[in-house]
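Undergrad: here you go, sequence then predicted model.
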Amino acid sequence: MSTPGWLLRVLGGLPKPTKGPTVGDEPPRPLTRDRVADYLLARGYRFVVDDDGDLTGTWDGSRFWFLLLGEQQEILQVRGRWHRSLPLEQRRALALALNDWNRERIWPKAYVREEEGMLAVYAEVSADLEPGVTDVQLAQLLACGLGTGVQLFAALDPVVPADGAPPPDVPDN
């Protein structure tokens, strides 16, 4: 049986791992709406500024917002709303699907809201960036919010049929 690497390091048998290559020594800077816009523009994404001053756009048919929250606008939230609205009768199937998603994944937080007599599904990734954020960190957070939100919505399509039929493998009670 071989000794685990961490144990050998503790006992002095392996050299301490060195840090990998760094992406510059960029110090964290305050989060700003302009920095978020710069990221989106650099990737060729199309977006607008809504009446509240928030950046918003559509990805794979679903609306996403890039919100700066908190007293100093230090909290970044990428919030997406699924392009479909569902009848209230599908709440059970939707709750089961979202519960599975939230149990099996870290991002995004997924939830349902009742809006104008219909069900709407939202995805959120939030991060408190009070100490500031590097460009690399900001890019990772924005990509995570968009990418995992789009994945959630794509995963719901086959699980929550548009015709109101029960989803596969969910028995009627």
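TA: Yes, it's here.
Undergrad: show me the shaky parts of the chain.
TA: For the chain, applying pLDDT under 70 flags the ranges 1-24, 161-173.
Undergrad: which stretches of it form strands?
TA: 48-49, 55-59, 62-69, 75-87, 109-115, 118-128 (DSSP state E).
Undergrad: okay, the ones you listed in CSV with distance to residue 143 next?
TA: All C-beta atoms are positioned from the backbone trio N, CA, C, and that covers glycine. Shown next, in CSV, are the strands of the chain (distance: least, CB to CB, whole Å):
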stretch, distance to residue 143
strand 48-49, 20
strand 55-59, 12
strand 62-69, 12
strand 75-87, 9
strand 109-115, 17
strand 118-128, 10
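Undergrad: okay if I get the ones you listed as JSON lines plus distance to residue 156 and mean neighbour count?
TA: Below are the strands of the chain laid out as JSON lines (distance: least, CB to CB, whole Å; neighbours: other CB atoms under 10 Å):
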{"stretch": "strand 48-49", "distance to residue 156": "25", "mean neighbour count": "10"}
{"stretch": "strand 55-59", "distance to residue 156": "15", "mean neighbour count": "17"}
{"stretch": "strand 62-69", "distance to residue 156": "10", "mean neighbour count": "19"}
{"stretch": "strand 75-87", "distance to residue 156": "7", "mean neighbour count": "19"}
{"stretch": "strand 109-115", "distance to residue 156": "9", "mean neighbour count": "15"}
{"stretch": "strand 118-128", "distance to residue 156": "7", "mean neighbour count": "19"}
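Undergrad: out of those strands, which gets nearest to residue 160?
TA: The closest of the strands of the chain to residue 160 is strand 75-87. By CB to CB, the value is 6.6 Å.
Undergrad: thinking again about what came up before, of all the strands of the chain, which one is nearest residue 98?
TA: For these, the distance to residue 98 is smallest for strand 109-115, at 4.6 Å, taking CB to CB.
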